[in-house]
Structure formats: structure tokens, C-alpha cells
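Colleague: All I have is the shape, not the residue letters:
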DNA sequence: CTCTACTGCGTAAGTTATACGCAGTAGAGG
DNA sequence: CCTCTACTGCGTATAACTTACGCAGTAGAG
């Protein structure tokens, strides 16, 4: 578990990258990192993230709890690898004729799809800079989309952060709202308008005139498709990036 | 703890709004929600969010653990109220001559300042729609900034979500990086370039050409001010919003 | 055939959140 | 003034959780 490979990365992440290949001497491993992560993902998928405990994951594998710690130094590492598995392989690279906007848009939609497929992944906090394999692959893909924009490399990184952060935010928002609707046991429509009533009850029109006007405008009378909300923000974002790109050409 | 006031809100949040004023009959309360939240915030501030346990907060108040549950139904509610306390009162309302862009920018900077003052608040997951008092006040302020944009009310909400999400994302990113730098024990400079080395070591140029070019461009040779990164994204965002606003006038 | 690096795991310790219900208190109603 | 009662603070107990430590057994190396 030591043997410095010089990356300064946790051993589990090095293993995920395929480094740490050892001339296997001892008993044949029955477990491996991939299976552990896969099992953990399955538990999250079927029973929710809250059910993901080390013992539950071990049980899923027919192993003992402590066996997992041979492959993962702490639960957090497992969680991080679960997220990486959830996002999986990025979408296809942009074709030679695909403009940066179309490519980045496709990239964002793919990320949204992954996030919606695995809502639990949004509950696991990881930001920092990309280090896990799929994370890095997504970053690579996005950089490729921006290749002909004339932006500085640092700017590209900022743009990617902007877009990926947005996708995560909206995904989290969607998941929260859907969970709240499910919990309320009513229709999305009814839930939304009850939120509107709540707001009027709690926010006095004297102190919160803009909110009163907001509610009065009937925003809560029709629940629209979450995708429309996503599209709106994404277009604003791309417009903003576009303005910069144009100024550079 | 029941007595339906009709909002459907957790009792603790109603209390935070100043509803739930009861003709106080029994023994004089020595505790109250405000003091509990304040104590919890203090613990988070001085010992980190990880140290915030119900018993630790109770100890801070010289009370017993279970006493807190008179005021808060679950730990999550306390955490949510801590976040609300951390953001506090929004900045001053926009003056009559302040354009939407200047106002929203000031709003975003104020939010960033609050987030940087209380980095632990970024670790507490809450999204969903605004319901807590300060949360709603921030929303009101942002709506006010957008009053003369000609946007539909629903669009204003989307714009606000876009900006506030961005501020949180960048704040989280900053906090993560600063923590990693502190943990590494080296200078920001050295940390950053070691990340660059990590990337080259792990990301083979054949499979990750864009990333190789990215690193080769020297992005990791100088650590620039986090505020510059923040400004860059914020300007893109505001440019994107601006494009929409212009199209509506 | 021995050596040894390595695997899986049993035990146990230390934290947590929180359900339940009791004893005491202070204002309300007579 | 006296009783009633809603309400406060809290003690006890439970059921989970992560994880440190070290042992017993295994399979390739020499």
C-alpha cells in the first residue's frame, strides 16, 4: 500500500488508472477495486446512497467488511470512485466539422444524461481538479471541443468549469425537486403551486415586493419540463462564451 | 411541535421565520433556535464542519444533547439553518440608477464574500427552492436587480439560479484547492506545478493530446489570484444574460 | 522445499444520531 | 391562593457506522 509511484495520489486512484500493477505473488485476489466500486454503485442505484456502507457493499460481494480496506484507504475514496464510474466514458469526440458550440452543447447534454441516470452521484461532494480517469477523459473531450476557439488554455479550463458546474447544479436542483414531489405524494403541478402558496404566506409583500410580484405573475401555475430550464441556462452560458470567442477571432 | 400553521414547512424553519410565537406558558426556555444555530456555527467556524455533532453543539451551550431536539427535528435542519445564518443578510438593494449588470455583479460578489468567510457552508448540501429567511431575502434582492430587464419572471429565476450556482461552484473549488495546498505543506506555486506533473504522468499524450497540450502551455507555472478566475466566469455569465436582455428591449 | 509478500477477515473500539418518556416549572383559570 | 396543564430540559438506551490492528492462510520465487 506504500511504494511511491511519485504521483502523490491515493493508492486507490492509482489503481483505477492501471498503475500499481504488481507481480502477484500471494494468494489470488478474489476482490479487486473495479468489482468493489461496481458493487457500491449497484447498492446506491437500488437502495440509495444512504444505504452505501462499507458493510453493505462487502455483503453485496459476499466478502467481509474489512476486506474492502485492502483496496480503499477510506470510504471517501470509494465514494469518489463511484462518482467517476457513474459519469463513465465521455461522449464521442467532436467531428472535424462540429463547431465548438455544438460540441460543447453535446458534451453538456451527455453529462446531464449521466447525472440524471445516477442522481446519487450528485450528492457526493467532489470538486477540486480532475484526477480520476473518467474525470480526466471528460476534461480532455471538452478541451478538444474548444480547440478552434482561439482561447488561451487557462480560459478553456475556466469555460469547462463553468459548464460542468452548471450541469451539476441544475441536475442537483432537478433531483431535489423531484424528490420533494415524490415525498409530497401529489402531482408536480400541485406541489409547485403549494410552494407558491408557501412563499406568499411567508414572504410579506411589504418586505418582499419583488417576490410577491414574482408569485403573482403565475410562475407556479404550470410546471414545465426540467429540460427547458436546463436549455435556458445552457444557452445563456454558451452565448456568454460565444461573445468572448468572437472577440478573439 | 405539531399545530399546523399551513405552510408544510419543518417547524424549525417556521420558527426561523418568526412564526410559531407561542403564548409561553411552561418554564422559561433557556435555549432557543437562534442560540443553537449560532453555537453550531461557532463550532464549524473554529473546529470545522466535521466537529459539528449534536453533542458538541449542546456542549457549546452547556446543555444536554437531547435538548436540541426540542428545537430541531433532525440534524439536517440544523445544518440548513447554519447555512442560512452563514449567508446572512443580502447586500444593499440596488440604487435607482444602478443597472442590472452592476447590481447583479455586486450581489454575486457579496455572495462570494459570504461563502469565503464561511467555507464550511459550501460543504452542506442544500439546493431545492429557497425557503429559509435569508435565502429568500437574497432571492428578493436579485429579483430587484433584474427589475428593468424585460425578462419574464421565470427567466429571472433561471438567471438567478445560474449566477448563484456559479458562485457556489467557484467557492467550493477555491476552498478545495486551498485545503489541498494547506495539506501539501508547500507553496501554492509548488502545489500547482506538482498537479501539472501529476497530469502528465497519468495522462498519456497519445490518448490525451488536448490535455498534454494544455499542460505544455504552462498553465500550471503560475498560480493566479482566485478572484481572477471568479471574474472571468462571472463576466461570461453576465455577457450571456446581457445578450438575452438586449434581445428583449 | 522454504521463504515471503500478500490476501481476506475477526475482533473490538470509538463515534454518531435519535426514540422515548419522566420530572420539574410557570402561567392560566377558577 | 390553588390546581391544572402545556411545556422545558434531559437521562437512558439503541442501533448504526467507520476503521485500527493483527493473525492465519496462500501461492509464486528462489
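Modeller: Cool, the structure landed. Since this is a predicted model, take the numbers as computed values, not measurements.

Colleague: Can you name the residues that contact residue A:209?
Modeller: Going by CB atoms under 8 Å, 6 or more residues apart in numbering or on different chains, residue A:209 touches residue B:140. (Glycine included, C-beta is placed from N, CA and C.)

Colleague: and the gap between it and residue B:102?
Modeller: Plainly put, residue A:209 is 20 Å away from residue B:102 if you go by CB to CB, to the nearest Å.

Colleague: where does chain A dip in pLDDT?
Modeller: A:1-6, A:23 (pLDDT under 70).

Colleague: just the helices in it please.
Modeller: A:11-16, A:33-47, A:54-61, A:75-87, A:100-117, A:133-145, A:153-184, A:188-202, A:209-216, A:226-248 (DSSP state H).

Colleague: Compare those helices and give me the one nearest residue A:123.
Modeller: helix A:153-184 (7.9 Å; CB to CB).

Colleague: Identify the residues contacting the residue of chain A found nearest chain B.
Modeller: With CB to the nearest CB as the measure, residue A:240 is the residue of chain A nearest to chain B, at 2.9 Å. By CB under 8 Å, 6+ apart, the contact set of residue A:240 is B:235, B:236, B:237, B:238, B:239, B:240, B:241, B:243.

Colleague: rerun at 10 Å
Modeller: Neighbouring residues of residue A:240 by CB atoms under 10 Å, 6 or more residues apart in numbering or on different chains: A:159, A:162, B:162, B:233-243.

Colleague: same thing with residue A:17?
Modeller: Counting by CB under 10 Å, 6+ apart, residue A:17 makes contact with A:5, A:7, A:9, A:131, A:132, A:133, A:136, B:201, B:202, B:203, B:204.

Colleague: which parts of chain A sit against DNA strand D?
Modeller: A:23-28, A:51-56, A:65-66, A:69, A:74-76 (CB under 7 Å from any atom of the strand).

Colleague: Now with 6 Å, please.
Modeller: A:23, A:25, A:26, A:27, A:28, A:53, A:54, A:55, A:65, A:66, A:74, A:75 (CB under 6 Å from any atom of the strand).

Colleague: Who wins on neighbours among the residues you listed?
Modeller: When neighbours are taken as other CB atoms under 10 Å in any protein chain shown, the top entry among the residues of chain A next to DNA strand D is residue A:54 (18 neighbours).

Colleague: That residue reaches residue A:61, doesn't it?
Modeller: No. Checked against CB atoms under 10 Å, the pair residue A:54 and residue A:61 is beyond contact range at 11.0 Å.

Colleague: Give the residues shared as contacts by these two.
Modeller: A:36, A:40, A:67, A:68.

Colleague: And the furthest pair within the contacts of residue A:240?
Modeller: A:159 and B:242 (17.1 Å).

Colleague: Looking at these two, which has the bigger crowd around it?
Modeller: residue A:159 (27 against 18).

Colleague: Excluding chain neighbours, give the residue nearest to that one in space.
Modeller: residue A:241 (5.5 Å; CB to CB, 6 or more residues apart in numbering or on different chains).

Colleague: Residue A:146 versus the one you found, what's the distance?
Modeller: Separation of residue A:241 from residue A:146 (CB to CB): 9 Å.

Colleague: go on, residue A:231?
Modeller: For residue A:231, the distance to residue A:146 - CB to CB - is 21 Å.

Colleague: Contacts only, for the nearest residue to residue A:224 once chain neighbours are set aside.
Modeller: Excluding the flanking residues, the one nearest residue A:224 by CB to CB, 6+ apart is residue B:154, at 7.9 Å. Applying CB under 10 Å, 6+ apart, we find residue B:154 in contact with A:214, A:217, A:218, A:219, A:220, A:222, A:224, A:228, A:229, A:232.
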